[in-house]
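Colleague: structure for this input, please:
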Amino acid sequence: MASTVSKVPQTFRKWVVQKISNKFREAAEVVTVNTPQIGPSEVLVKNKYVGINASDINFTAGRYDPTAKPPFDAGFEAVGEVVARGDSCNKLNLGQPVCYMANGAFAEYMVLKERHVFPVPATNPEFVTLLVSGLTAAISLDKVGEIKKGETVLVTAAAGGTGQFAVQAARNAGCHVIGTCSSDDKVQFLKDIGCDRPVNYKKENLNEVLKNEYPSGVDVVYESIGGDMFDTAVKNLAIKGRLIIIGYIAGYETSRGFPTSKVVATLPQRLLPKSASVRGFFLFGYVSDFPEYLNKLVDMYKAGTLKLNVDNGQRFESGPFKGVGSIPNAIEYLYSGKSMGKIVVDVDQQASKL
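Modeller: I've put the predicted structure just below:
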């Protein structure tokens, strides 16, 4: 048995990966499925907003789980409300605003175990930004980067969905923050969120900036680009510097999935004399930390000490992203380099073109 807050439709739409490809539009299609019955410990969430991540095409390309065979569902994160719950559920109420991180979020509805769903103050798009993006920055800088007051931190793609959090987390920890971006608008955005030294890499040479302005090197690097950016960061690590790899987006759209690095072959020689290190971070290796850090981020946002920038596609040629069908446009917009902040899609809108 299950209780519901309102009439639940018999069917809904979701994105399903039908073939392995690094191009989302080719890999996935929208299908209409029957709304499943929920178990006693499950809830049915009506999605309101879903988040777009660079890794959405890594997922469709089969890089996260090479053993996975299509069809499988797409999408990682969403905010919505509980519209049905099983009889054994006692943590979440009907109609309660919630968020979650689980495969299959690119859908109008989602069935989940109650223990995998977290309450949020409201079904606002800002709370989507706190999930994959916010948690990645907060946990990785703390647990892997081990940032300390007074250190110098370099954030690559600093005006992006997760970069905006890394800048603010480092600033809140008392660090001096350098942030890379690709336009003057993004430079101003970075200044607004507390970045000490924004670098528009299309106008300035990052390696020269670091060599001239930070001759002692960078203590911590939050790196998501790969390729030449990774190489520059490695070359400019300080004594005991730590470089956190959270991604390598420069290669995601390629068939290989990763960009070529010139320094990898000499990495031991570069790191050893400095007692420096390169460390990988994958969010879902830190699941036990989610509740603590999510609560911290929500509290900071409510207190006004954390600025969140949501990009709903207002700079996209066809306007804001509305409806499940607009998700491919949103993913392509992310890779256009024109987005600023976290890209979020309002899937609770029915008028959308596939």
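Colleague: all contacts plus neighbour counts: C-alpha atoms, from now on.
Modeller: Noted.
Colleague: Pro328 and Phe24 touch, don't they?
Modeller: Yes: using Cα atoms under 8 Å, Pro328 is in contact with Phe24, at 6.4 Å.
Colleague: what residues go with each domain of this structure?
Modeller: 2-125+312-346, 134-284 (automatic domain parsing).
Colleague: ok, residues contacting stretch 82-91?
Modeller: The contact list for stretch 82-91, computed with Cα atoms under 8 Å, 6 or more residues apart in numbering, reads 1-6, 8, 38-46, 92-98, 114.
Colleague: three-state assignment of Asn58?
Modeller: helix (DSSP: H, G, I helix; E, B strand; the rest coil).
Colleague: count the residues that sit near it.
Modeller: Neighbour count for Asn58, taken as other Cα atoms under 10 Å: 22.
Colleague: dump the residue contacts of it.
Modeller: With Cα under 8 Å, 6+ apart, Asn58 has these contacts: Asn22, Tyr64, Tyr252, Gly257.
Colleague: and it, how close does it get to Lys23?
Modeller: 9 Å (Cα to Cα, to the nearest Å).
Colleague: so Ala276 sits against Leu237, correct?
Modeller: Yes: using Cα under 8 Å, Ala276 is in contact with Leu237, at 7.2 Å.
Colleague: and Ile38, how far is that from Ala78?
Modeller: 19 Å.
Colleague: whoops, Asp65 was the one
Modeller: Taking Cα to Cα, one finds Asp65 at 21 Å from Ala78.
Colleague: what's the pLDDT at Phe189?
Modeller: If you check Phe189, the pLDDT there is 97.
Colleague: most centrally placed residue in this structure?
Modeller: With distances taken as Cα atoms, centre = their mean, Ser133 lies nearest the centre of the chain, 3.3 Å away.
Colleague: quick one: distance of the helix or strand bottoming out on mean pLDDT in the chain to the chain centre.
Modeller: Every helix and strand of the chain was ranked by mean pLDDT, DSSP states H and E. The lowest is strand 2-4, at a mean of 70. On the basis of Cα atoms, centre = their mean, to the nearest Å, strand 2-4 is displaced by 32 Å from the centre of the chain it belongs to.
Colleague: what's in contact with that strand?
Modeller: By Cα under 8 Å, 6+ apart, strand 2-4 touches Ile38, Gly39, Pro40, Val83, Ala84, Arg85, Gly86, Asp87, Leu94.
Colleague: if you count neighbours, what's buried in it?
Modeller: By 16 or more other Cα atoms under 10 Å, the buried positions in strand 2-4 come out as Ala2, Thr4.
Colleague: same check on stretch 201-214?
Modeller: For stretch 201-214, by 16+ other Cα under 10 Å, it's Tyr201, Leu206, Asn207, Leu210.
Colleague: who are the contact partners of Asp184?
Modeller: So Asp184 contacts Asn200 (Cα under 8 Å, 6+ apart).
Colleague: against Asn200, how distant is it?
Modeller: For Asp184 relative to Asn200 (Cα to Cα), the value is 7 Å.
Colleague: okay, now the residue lying closest to Glu253 once chain neighbours are set aside: neighbour count?
Modeller: Nearest residue to Glu253, sequence neighbours excluded (Cα to Cα, 6 or more residues apart in numbering): Asn22, at 5.9 Å. A total of 23 residues lie near Asn22 under the criterion other Cα under 10 Å.
Colleague: again, but for Lys91
Modeller: Neighbours of Lys91 (other Cα under 10 Å): 10.
Colleague: what segments of the stretch 1-150 of the chain are helices?
Modeller: 24-27, 56-60, 126-129, 135-139 (DSSP state H, counting those that start in this stretch).
Colleague: which elements pack onto the first one?
Modeller: So the one you mean is helix 24-27. helix 56-60, helix 327-335 (3 or more Cα pairs under 8 Å, 6 or more residues apart in numbering; DSSP states H and E).
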